[in-house]
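Student: the following comprises the amino acid sequence and a computationally predicted model.
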Amino acid sequence: MRLLRSGLSRADVQAHARELVESLFRNIPCGVGSRRKDFKLDQKELKRVLASGVQWTLKHGYGNTEDRDHIEAEGCIANADPDRIGDRALERGRAQLGTLGSGNHFVEVGYVKEIYDADTAAVMGLEKDQATVLIHTGSRGLGHQVCDDYLAVMLKAARRYGIDLPDRQLCCAPVDSKEGRDYLAAMAAAANFAFVNRQMITHWTRETFAQIFQGGGDIRLPLVYDVCHNIAKLETHLLEGKEREVCVHRKGATRAFPPGHPETPERYRTVGQPVLVPGDMGRYSFVLAGTEAGYRETFGSACHGAGRKMSRKQAKKAAKGRAIARELEDRGIVVRGASIGTIVEEMPDAYKDVDNVVNVLHHAGISRKVAKLAPLAVIKG
Amino acid sequence: MQKYRDFDHTGDLGVEVFGDSLPALFRHAGEALVNIIADADTIRIRESKAITVQAEGLEQLMVRWLNELVFLFESEGLLFKRFDVDAVDSDHLAVTAHGEFYDIDRHSIKTTVKGATYHRLEVLQEEGRWRAAIIFDL
């Protein structure tokens, strides 16, 4: 998940919403089989992507050092080993690097609707009415294949280590075992794929904005922050008074590091790491900041989104007789999806109200509300 | 007999598959998956492909079977309409699959599937009828 900010205003974007959606849809591969002709990697190059993450994009002109410095782990998880990734996963990765994916993935152009903490917002470069871009995508089929391949390994390992499984999908092995180390190395490579995927989509988003807003306004779209939503990280935390290295598994959760932490980017060191919590395409999303209390109580973690309240089946039923895209347009939000089912399955009603979710974080003190973002133009795979 | 139906799962998609024999169960599971991805009525039969899957047990066999279909769609663009199960036992499945390559002008993609999971997975025989419950990661 990442957030870009801009020197454009809500009005600037609204005036070009439809054009933006069509151009983004054209420039960012969204649907099945859609690829950019100018972006094809062989397996050798893909392995370089997996090994070096965002550094690869800097080398090839798709990103800059400012981007790198505002990504979790600077866009490269250490100990990534592309050789821990099987051929099938590599093939899926080659086909899908630089593609958005469907389901809950999206590119959303919006604006800052409300500021809760003006000082922190200013440090993050956010101000009311400013146009923003949220990008949500990850390791795609490569990541899923890595999971699938290692499930087979872990199922055997769990039996060997005498681990009782309440559900086979929870199969596991000790972190320090060979299976554990191999998996972490493969997972790190998959995470690097995801960082690069988001960076490629950022690059094409920037190109799209440059095409549409030629000569007018600041269209550099600097990166506010980029976080992982599904990852296991080796981190040092204080436990029972002692600093210990632990494996923090954030599943549907995001890192939320406090002010002063060395991994919080220098720009944000006084205010805390930006925490991005997307809602749905009809209402709003939030930017928060990590806190000391959160660091102590949750290993520096926050939720990653609103969470669904309807299954896809229920969403389809609820959408019967309705034109969801038209309803959104009536509310000033232009949406374009590559597959028919996605807009219905991802309709706003299918999600919890993220305002409630974020207020829990805020009142529990584990992250602080900074700004609310609202959607204007959304593309989905 | 109903071949398959979906069941509620908040985050992803659950499918319950039925068959009066093990080959029928695996056939219907393949059809259920294809129908999640695209409208099977729009798929013509122009290609055939032999698919073999090995596993340790029926549950792993089912997951690997379905993931093979996902992989063939993603990597080769193959969408299958009909499956002939040539052989199946607890460790091995051999199928001849019939369909065609994805055509952006004729096939509308309903949902893209990342793969079948082991989450709450069931493959069992109840009163002579086979039933499987599979949750797909979307």
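Tutor: Cool, the structure landed.
Student: for the rest of this, base every contact and every neighbour count on C-alpha atoms.
Tutor: OK.
Student: interface residues of chain A facing chain B?
Tutor: Counting by CA under 8 Å from any CA of the partner chain, chain A comes close to chain B at A:32-33, A:91-92, A:95, A:102-103, A:140-141, A:144, A:148, A:167-169, A:308-314, A:339-342.
Student: now list the buried members of those residues.
Tutor: Buried members of the residues of chain A next to chain B, counted by 16 or more other CA atoms under 10 Å in any protein chain shown: A:32-33, A:91-92, A:95, A:102-103, A:140-141, A:144, A:148, A:168-169, A:308, A:310-314, A:339, A:341-342.
Student: pLDDT-wise, which helix or strand of chain B ranks last?
Tutor: strand B:4-7 (a mean of 90; mean pLDDT, DSSP states H and E).
Student: hmm, who's touching the following helix or strand past it?
Tutor: Elements were assigned by DSSP states H and E; along the chain past strand B:4-7, the next helix or strand is strand B:13-19. Identification of contacts with strand B:13-19 by CA atoms under 8 Å, 6 or more residues apart in numbering or on different chains yields A:311-312, B:1-8, B:24-26, B:28-29, B:32, B:129-138.
Student: kindly recompute the last result at 7 Å.
Tutor: B:2-8, B:25, B:28-29, B:129-137 (CA atoms under 7 Å, 6 or more residues apart in numbering or on different chains).
Student: ok, A:Leu276 touching A:Leu288?
Tutor: Yes - using CA atoms under 7 Å, A:Leu276 makes contact with A:Leu288 at a distance of 6.5 Å.
Student: the closest residue to chain B within the stretch 151-300 of chain A: what's it in contact with?
Tutor: Here the stretch 151-300 of chain A gets closest to chain B at one residue, A:Gln169, 4.9 Å apart by CA to the nearest CA. Going by CA under 7 Å, 6+ apart, A:Gln169 touches B:Thr117, B:Tyr118, B:His119.
Student: looking at those residues, which are in helices?
Tutor: Within those, no residue falls in helices by DSSP state H.
Student: top of those by number of neighbours, please.
Tutor: Counting neighbours by other CA atoms under 10 Å in any protein chain shown, B:Thr117 leads the contacts of A:Gln169 with 24 neighbours.
Student: where's it relative to A:Ile85, distance?
Tutor: From B:Thr117 across to A:Ile85, the span is 19 Å (CA to CA, to the nearest Å).
Student: before we move on, what about A:Asp42?
Tutor: From A:Asp42 across to A:Ile85, the span is 15 Å (CA to CA).
Student: and these two? Which one has more around it.
Tutor: A:Ile85 (25 against 11).
Student: residues in contact with the residue nearest to A:Ala78 when sequence neighbours are not counted?
Tutor: Excluding the flanking residues, the one nearest A:Ala78 by CA to CA, 6 or more residues apart in numbering or on different chains is A:Ala188, at 7.0 Å. By CA under 7 Å, 6+ apart, the residues touching A:Ala188 are A:Ile77, A:Asn79, A:Ala80.
Student: closest to A:Asp330 among those?
Tutor: Nearest to A:Asp330 out of the contacts of A:Ala188 is A:Ile77 (CA to CA; 42.8 Å).
Student: measure how buried that closest one is and give me the count.
Tutor: Each residue near A:Ile77 was counted by other CA under 10 Å, and the total is 23.
Student: does the residue sitting nearest the centre point of chain B count as helix, strand or coil?
Tutor: Nearest residue to the geometric centre of chain B (CA atoms, centre = their mean): B:Gly30, 2.2 Å. Secondary structure, DSSP: H, G, I helix; E, B strand; the rest coil: B:Gly30 is helix.
Student: and it, what's its pLDDT?
Tutor: On the pLDDT scale, B:Gly30 is placed at 98.
Student: who's in contact with it?
Tutor: B:Gly30 neighbours (CA under 7 Å, 6+ apart): B:Leu66.
Student: excluding chain neighbours, what is closest to the residue of chain A found nearest chain B?
Tutor: When scored by CA to the nearest CA, chain A has A:Ser311 as its residue closest to chain B, at 4.0 Å. Among residues not flanking A:Ser311 along the chain, B:Thr10 sits closest, at 4.0 Å (CA to CA, 6+ apart).
Student: again, but for A:Tyr150
Tutor: Closest residue to A:Tyr150 apart from its sequence neighbours, by CA to CA, 6+ apart: A:Tyr183 at 6.8 Å.
Student: ok so that neighbour is a helix residue?
Tutor: Yes - counting by three-state DSSP, A:Tyr183 is part of a helix.
Student: from A:Val21, how far out is it?
Tutor: On the measure of CA to CA, A:Tyr183 and A:Val21 end up 38 Å apart.
Student: more crowded one of these two?
Tutor: A count of neighbours by other CA under 10 Å puts A:Tyr183 above the other of A:Tyr183 and A:Val21, at 26 against 23.
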